[in-house]
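Engineer: Build me a model from this:
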Amino acid sequence: MSLLMIGTGAGYLFTSLYMQKKLDVMSNAALPAMQKLNSLRSNVWGLWELRDDEAASVRAFRELEQEILDFRNLSIHEDAEALSIGLRSGILELHESFDVSDYAGFVSGADRINLLISQAMEGETSILLRKGREVNGVVDYANSMNMAFVAIALLFCLLPGWWLASNISKALGSASRAADRIAAGDLTERLNDKGNDEISELANAFNRMVDTIRQADEEISREVQDRVRAEKRAQIAAQAKSDFLAHMSHEFRTPLNGILGYSQLLSMDKGLSGKNREVVLSLRRSGESLLELINDVLDLTKIEAQKMNVQKNRFYLGDFLDSLVESYSEQVHRKGLTFQVQLDENLPEDILSDDIRLRQILVNLLGNALKFTDKGSIGLEVKPIEGGLRFSVMDSGIGIDPKFHSAVMQPFNQIEHRDRKNQGTGLGLPISNRLLQMMGTHLNIKSEIGEGTTFWFDLPQPDVKHRKLVHVPTQITGYRGKARKILIGEEGLGTATLMMPLLQKVGFETLHLRTPETFLEKCEFFQPDVVLLDLYFCDADGVEVMRELEKIYDRNPENQMPGVFMFSDHRDPLDRERALKSGADSFLGVPIRFTDLLMALRDQLDLVWSESSSEESEGDSGEKETAGNSAAEIIPDMKFVEALLIIARSGNIRQLNKKLTEVKDACPESMLFLERMEALCGQYKINAIQKELESYLSSTDRDQHEGAKDVT
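Structural biologist: Presented below is the predicted three-dimensional model:
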C-alpha cells in the first residue's frame, strides 16, 4: 500500500511538475507578450495626440519599436518573428508618412498596425489554448495511468488527489472555453479567480488581460466615434464655405455681366474717338481681370473639394499674349522698367491648352518678376521647340541663390532679403508648378544673386499648327456666305440683351425666347443654326430642354439639329463639366466674352470672317465705311428695287425673302447687298428695309432729274 501511495504520489508529482512548466510558459511568455501587444495598441492610437510635439512623437515611435522587440523576445509563437517584422514595418511606414494634416492617412496606417496586433494576439491566445489542452491531455493521461492506483488507494488516501486533478481539469477546461468566446469577441467573459493556488493566479491574470482588452476596445471605439463626428462637422463646414463662395461669385457676375457686355458693345462703335476707345478698352480689360479673379474663387472651391482639373480648349495665342502684355505694361512702365516681349515669328496662330491655367501661371511669374525688380527690365519670351512651345519670364532683379532654388518651389517658403519685406504667402510658384504638372510639364529656374532670374517651362503641343502668328489687331465686321440664325433661350434679358446687338452687327439673325415652352415651340419654325441655351432656363434644367429639342428633331429627320452652346453664371463649380458631358457643343461662362462666342461659332459653322484692322476703324471710320459699302455692295437694277419695295410696304416677310432669292439669281453681282437685306428680314426690320429701298429710288430719280436739267 505504501508503494502504491508512493507511486501514485510520484505520478502526481511529475504531473504537477509538467503542468507547472506549461503554466510557466503561459505566465512568463504568452501573457506578458499579450500585455506588450495591448500596450503597443494603446500607444499607437495615442500617437495622434503627440502630432504637434516632434520630440515626443519621435520618442513614442522608439518606444513602440522597443515594445515590438520585447514582444518578439517573449513570444514563443511560430509566427512571432514574421508578425514582429510586419509590426515594425508598419510602424516605420506610419513614421515616414506621419503628417499632422492627414488624419485619414494616420487612421489607415494605425488600422493596419491594429490588424497585425490582433493577429499576434490570436497567436498568443492559441498558445494559451494549446498549452491548456496539453495540460488537459497530461492530466487525462495521468488519470488513466493512475486509475488502477486510484482504485486501490481510493479507500485509503487518494481521494484528495482525485479531487485536485478534477479541479485542475475543470479550471483548464473553463479557461479554454473562455478563451474561445473571447476570441469570438465576447469581452464580458471572466474566470473564477478566488483562491491562492496557481490556477487562481492564472485565472486572475486571464481576467486582467480581458479587462485590459475591453478597456482598450472601449477607448478606441470612443476615439473613432469622436473623430467621425469631428470629420462630419469639418465636411459640413467645408461644404458651407464652398456654397458661400459659389453663391458670392454668382452675385458678383450679375453686375459684371453688364460691365463687360456694354464695354464690348461700345468697343464696336466706330463713332468713338481714339481717347474714348482707349477708355472703353481699359474698362473692358479691368472687367475681364475682375472676372478672372472670380474664376479663381471658383477654382479655390474646386481645390478644396479636390475636383480641380485641366480643361483644354483651342484659343488664339496672339490675343492671349496681347491681353497678358497689356495688363502688365502699365505696371511695368509705372515702376520705371522696360518690358521686353520677344515673340518668335514662327509661333502658331492658335494652341490647345487651358488658357485660364496658363494665364494664371504667367501672371504669377510676371508678378514675381515685377515684385523683385527695381531697375532694368522684365521680359516675356515665347518660341516654338520640338513638340511644343517654350514660355520664359526673365527679370534683372535681385536674383535667387542656387541653394534656395528647390526651397522656393515649396509652399509657404519665401527667401529672406535684408532690403525688402516679404510679400504674399509664398504659394504662387508652388501652385504654378502644380498646375504645370497637371499639364504634363514642370517649372524650371535659372538664377544667381544680383544677376536676375529666369523661369521657363515647355508646354507640350503635339498637334501644333505651323501657321505664323498674326500680330496686327483686327476687328470682325462680318462673315462670308448666307446669313446664319442664332436662337437664344434665356428667362432674363442679361445675356440676350448684350449679345443680340453684337451678333447683329456681325450679320447674324437673332431671336430671343424667354420660356422653355415657347423655345421648343418656335425653334423648329425659326430653324436656327446655333442655339444659345441657359443652363438654368427658368425653372427648367437646360440639359433637359436640350433633350426635348433633340426629340423634336429626331421626329423630323429632314431638319438638321442646330449646334447647342450652353452658358451659365457658374452657380455650381461643375456646370462646365455637366454641360459638355450632356452633349453640348460648347460651354460659355457668364459674362460671355464676345470673342469667345465668335470663335465657338466659327468652329461650329465653319465660318470665314470679314475683318478690318483696328487702325482703319479710328478717325475716318465713317468715311471709310461709306466708301467700303459703295465699293462692295452693288445695287441691283431699279426694277428689282421697286419690286422689293412694294413687297416691303405690304409687310410680307416670307414673300420678301422669296423675292430676294429670285433677285440673287438675276443679279449675282449684288450678292452682298441682297444678303444684307436678308439679314434685316431675319431681324424683322421691315421699316429699315423700306427706308433704305426708298432712299435708293429717290436718289436715282434725283440723279435722273439733274441729268435732264444739264441736257437742257
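Engineer: Scan the helices and strands of this protein for the one with the lowest mean pLDDT.
Structural biologist: Least confident helix or strand of the chain, by mean pLDDT, DSSP states H and E, is helix 621-632 with a mean of 39.
Engineer: Determine the set of other helices and strands touching the very next helix or strand once past it.
Structural biologist: With elements assigned by DSSP states H and E, the helix or strand that comes after helix 621-632 is helix 638-650. Packed against helix 638-650 by the contact rule (3 or more C-beta pairs under 8 Å, 6 or more residues apart in numbering; DSSP states H and E) you find helix 653-666, helix 686-711. C-beta coordinates here come from the backbone N, C-alpha and C atoms, glycine included.
Engineer: model confidence over the first one, on average?
Structural biologist: I take that to be helix 653-666. Averaged across helix 653-666, the pLDDT comes to 82.
Engineer: Can you show me the CA trace of that helix as CSV?
Structural biologist: What follows is helix 653-666, C-alpha atoms only, in CSV (Å, rounded to 0.1, in the frame of the first residue of the first chain):
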residue,chain,number,x,y,z
ILE,A,653,-41.6,88.8,-94.8
ARG,A,654,-42.0,85.4,-96.4
GLN,A,655,-42.7,86.9,-99.8
LEU,A,656,-39.8,89.3,-99.4
ASN,A,657,-37.4,86.5,-98.7
LYS,A,658,-38.6,84.6,-101.7
LYS,A,659,-38.2,87.7,-103.9
LEU,A,660,-34.7,88.3,-102.6
THR,A,661,-33.8,84.8,-103.7
GLU,A,662,-35.1,85.4,-107.2
VAL,A,663,-33.1,88.7,-107.4
LYS,A,664,-29.9,86.8,-106.3
ASP,A,665,-30.2,84.6,-109.4
ALA,A,666,-30.8,87.5,-111.7
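Engineer: That one packs against which elements?
Structural biologist: Right, helix 653-666 is packed against helix 638-650, helix 671-682 by 3+ C-beta pairs under 8 Å, 6+ apart.
Engineer: now it: how far from the chain's centre is it?
Structural biologist: 53 Å (C-alpha atoms, centre = their mean, to the nearest Å).
Engineer: now stretch 652-670
Structural biologist: For stretch 652-670, the distance to the chain centre is 53 Å (C-alpha atoms, centre = their mean).
Engineer: next one: stretch 561-573
Structural biologist: 19 Å.
Engineer: buried set for it?
Structural biologist: The neighbour-count check on stretch 561-573 (16 or more other C-beta atoms under 10 Å) flags 562, 563, 564, 565, 566, 567, 568, 569, 570, 572, 573 as buried.
Engineer: now the first one: how far from residue 680?
Structural biologist: So the one you mean is residue 562. For residue 562, the distance to residue 680 (C-beta to C-beta, to the nearest Å) stands at 22 Å.
Engineer: Residue 171: what's its closest spatial neighbour, skipping adjacent residues?
Structural biologist: Once flanking residues are discounted, residue 171 sits nearest to residue 199: 4.5 Å by C-beta to C-beta, 6 or more residues apart in numbering.
Engineer: these two touch, right, the one you found and residue 167?
Structural biologist: Yes - judged on C-beta atoms under 8 Å, residue 199 makes contact with residue 167 at a distance of 7.2 Å.
Engineer: who's more crowded, those two?
Structural biologist: residue 199 (22 against 13; other C-beta atoms under 10 Å).
Engineer: So residue 118 belongs to a strand, correct?
Structural biologist: No - Residue 118: not assigned to a strand; according to DSSP: H, G, I helix; E, B strand; the rest coil it is helix.
Engineer: and it, how many neighbours does it have?
Structural biologist: Neighbours of residue 118 under the rule other C-beta under 10 Å: 12.
Engineer: That one: what's it in contact with?
Structural biologist: Going by C-beta atoms under 8 Å, 6 or more residues apart in numbering, residue 118 touches no other residue.
Engineer: Likewise for residue 110?
Structural biologist: Contacts of residue 110 (C-beta under 8 Å, 6+ apart): 44, 45, 47, 94.
Engineer: what's the closest of the residues you listed to residue 697?
Structural biologist: residue 94 (91.9 Å; C-beta to C-beta).
Engineer: so how many other residues sit close to the closest one?
Structural biologist: Neighbour tally, residue 94, other C-beta under 10 Å: 20.
Engineer: Give me the secondary structure label for the closest residue to it other than its chain neighbours.
Structural biologist: Once flanking residues are discounted, residue 94 sits nearest to residue 109: 4.1 Å by C-beta to C-beta, 6+ apart. Three-state assignment for residue 109 (three-state DSSP): helix.
Engineer: do the one 4 residues further on as well
Structural biologist: Local secondary structure at residue 113 is given as helix here, using three-state DSSP.
Engineer: How about the contacts made by it?
Structural biologist: 44, 87, 90, 91, 94.
Engineer: In helices only, show me the contacts of residue 110.
Structural biologist: 44, 45, 94 (DSSP state H).
Engineer: would TSV of those residues with distance to residue 312 and pLDDT be doable?
Structural biologist: Putting the ones in helices among the contacts of residue 110 into TSV (distance: C-beta to C-beta, whole Å; pLDDT from 0 to 100) gives the following:
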residue	distance to residue 312	pLDDT
44	45	77
45	46	74
94	39	74
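Engineer: Make CSV out of those residues and add distance to residue 608.
Structural biologist: What follows is the ones in helices among the contacts of residue 110, written out as CSV (distance: C-beta to C-beta, whole Å):
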residue, distance to residue 608
44, 70
45, 70
94, 64
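Engineer: who touches residue 231 in this structure?
Structural biologist: Residue 231 neighbours (C-beta under 8 Å, 6+ apart): residue 103.
Engineer: what's the distance between it and residue 107?
Structural biologist: In terms of C-beta to C-beta, residue 231 sits 10 Å off from residue 107.
Engineer: Then residue 357?
Structural biologist: From residue 357 to residue 107 the distance is 33 Å (C-beta to C-beta).
Engineer: Then residue 217?
Structural biologist: From residue 217 to residue 107 the distance is 16 Å (C-beta to C-beta).
Engineer: So for those two, which residue has more residues nearby?
Structural biologist: Neighbour count, other C-beta under 10 Å: between residue 217 and residue 107, residue 107 has more, with 18 against 13.
Engineer: Quick check: closest non-adjacent residue to the more buried one.
Structural biologist: The nearest residue in space to residue 107 (C-beta to C-beta, 6+ apart) is residue 227, at 7.3 Å.
Engineer: Same question for residue 543.
Structural biologist: Per C-beta to C-beta, 6+ apart, closest to residue 543 is residue 582, 4.4 Å.
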